[in-house]
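S.K.: One predicted model, sequence on top.
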Amino acid sequence: MNNSIPGLNLPPGFSRFGTEGTLRSSRRYPPTQLRQLHRVVLLLCCVLVCALAPQAHAQDAGPPGDPQDNSPLIRLGPGDSVTISVYGQPDLTANAYVTDDGTLPVGLVGKVPVAGLSPSAAAQRIEAALRDGNFLVHPQVSLTVTQSRSQRVTVLGEVARPGRFTIDSTSTVFDLLAQAGGTTQNSSDTVYLIRKDASGNSTRTAIPLKGLAGGQAPQQLRSGDSIYVPRAEQFSIMGEVKTPNSYRLEPGMTVMEAVARAGGITDKGSTRRMKIVRRVAEGKEEFITLKAAMTDIVQPNDVIRVGQSIF
C-alpha cells in the first residue's frame, strides 16, 4: 500500500506514514546521535529565552521616564482583619486582627510586625519568619484584608455627613463623597485633596468634580488623606424680585441670569432701576454702588438691588 503524499518531501530517513498517522523512520539513529540532537535543541531553546527576556522586562517596566509612586495604597494598621493562608498547610490558615502594637499573630512563629506594610509585603515577612524559624523550607503565604479599619479618610465641608470613612485600594474621591451623603446644594464644583508627605508637609490638590464626571482619571486615596468641599461662591439679590435670597454663583453668570434665578422681576420692579453693591477689595469693608445692566457679569459676594418702577 502506497501511503505517501504527493508533493510532500520527507526528511532523510523517513519514507512513509505509519498506521497512526505518524512518520515512520527507515533509519535507526545511534543513541549518541540522539543525545547530541537533544543537546542542540536544548541549547536553541536557551538562546531563544535569553533573547526574549529583555523585551519582556522592558514591557513590564513601562515607558522610560514615567514617574512611579511605589508606596502602597493600602497599609496594614491596628484593627485590620486579615486572612492568612499557607499553601499546602491548611492548619496554618487563620483569620486574625492586627493588634494595637502593629503585630499579627501567626501560627508557629507568634507575633509578626506588619504595621505600615502592604498585604503582599506582610505576606513576605510571614514567609521569612516561617523560613528563619525552620518551620517550613519554602513557605508560600497569601494575606487578604477582609476588613480595613485603620485606612480612613476625613471628609469635611459642604457634604451631608462630614466625618471619617474607611477606604480600600480602589476608593476614589467620588466614592468618599458618596459615603458622606453627597455634596450640598451650596457646595463648590471643585474639591481639595489634602495629603501629608513623609516630612509632615501638606499638599493641597484641586480636583474639579465636573472633570471626574467627564471621564478624567480618578484620584486614588490613601489613609490619612483629607477631602475638603468648600462652599460655592454666592451672590445676593433683593428688592423687587419674586424670591429674594442668596444663590450659588455660576461661572460667567450675568445679571439677567441672576434675576431669572430669583424668579424674575415683580410687576412693580424695573430693569432700569437695578444696582450692584460690590466690595472694593477682599477683606476690606469698603463697597461701591454700580448701575447694573442685564449683561453685566456678577462677581462673588455681589448684592443686586432691584428698585421699583417710577411709573
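M.R.: Looks like it came in fine. What you are looking at is a predicted structure, and each value in this text was computed from that prediction instead of being measured.
S.K.: quick one, phi/psi of the residue at minimal distance from the centre of the chain?
M.R.: In the chain, the residue lying closest to the centroid (C-alpha atoms, centre = their mean) is Gln220, at 3.0 Å. Backbone dihedrals for Gln220, given as degrees, to the nearest 10, come out at phi -80, psi 150.
S.K.: Now do the contacts for Thr154.
M.R.: Gly163, Arg164, Phe165, Asp225, Ser226, Ile227 (C-beta atoms under 8 Å, 6 or more residues apart in numbering). For the C-beta atoms, the positions are set from N, CA and C on the backbone; glycine is no exception.
S.K.: Quickly find the element holding the second one.
M.R.: Taking DSSP states H and E as the definition, Arg164 sits inside strand 163-166.
S.K.: hmm, who's touching that strand?
M.R.: Against strand 163-166 from outside (C-beta under 8 Å, 6+ apart): Ser148, Arg149, Gln151, Arg152, Val153, Thr154, Val155, Leu176, Gln179, Ala180.
S.K.: which ones among those are found in helices?
M.R.: Among the contacts of strand 163-166, the members falling in helices (DSSP state H) are Leu176, Gln179.
S.K.: hmm, back to that, was I right about the residue nearest to the centre of the chain contacting Phe174?
M.R.: No. If you go by C-beta atoms under 8 Å, Gln220 and Phe174 don't touch, sitting 11.6 Å apart.
S.K.: so how far is stretch 145-160 from its chain's centroid?
M.R.: 14 Å (C-alpha atoms, centre = their mean, to the nearest Å).
S.K.: list the buried ones in that stretch?
M.R.: Using 16 or more other C-beta atoms under 10 Å as the test for burial, stretch 145-160 gives Val145, Ser148, Ser150, Gln151, Arg152, Val153, Thr154, Val155, Leu156, Gly157, Glu158, Val159.
S.K.: Quickly name whichever of those residues is closest to Ala128.
M.R.: Val145 (19.9 Å; C-beta to C-beta).
S.K.: Show me the beta-bridge partners of the closest one.
M.R.: Counting by DSSP bridges, Val145 is bridged to Val82.
S.K.: what's the distance between it and Thr103?
M.R.: Distance of Val145 to Thr103, computed by C-beta to C-beta, to the nearest Å: 16 Å.
S.K.: Leu143 too?
M.R.: 14 Å.
S.K.: Next: Thr243.
M.R.: On the measure of C-beta to C-beta, Thr243 and Thr103 end up 61 Å apart.
S.K.: more neighbours, the two?
M.R.: Remark: of Thr243 and Thr103, Thr103 carries more neighbours, 16 against 10, as counted by other C-beta atoms under 10 Å.
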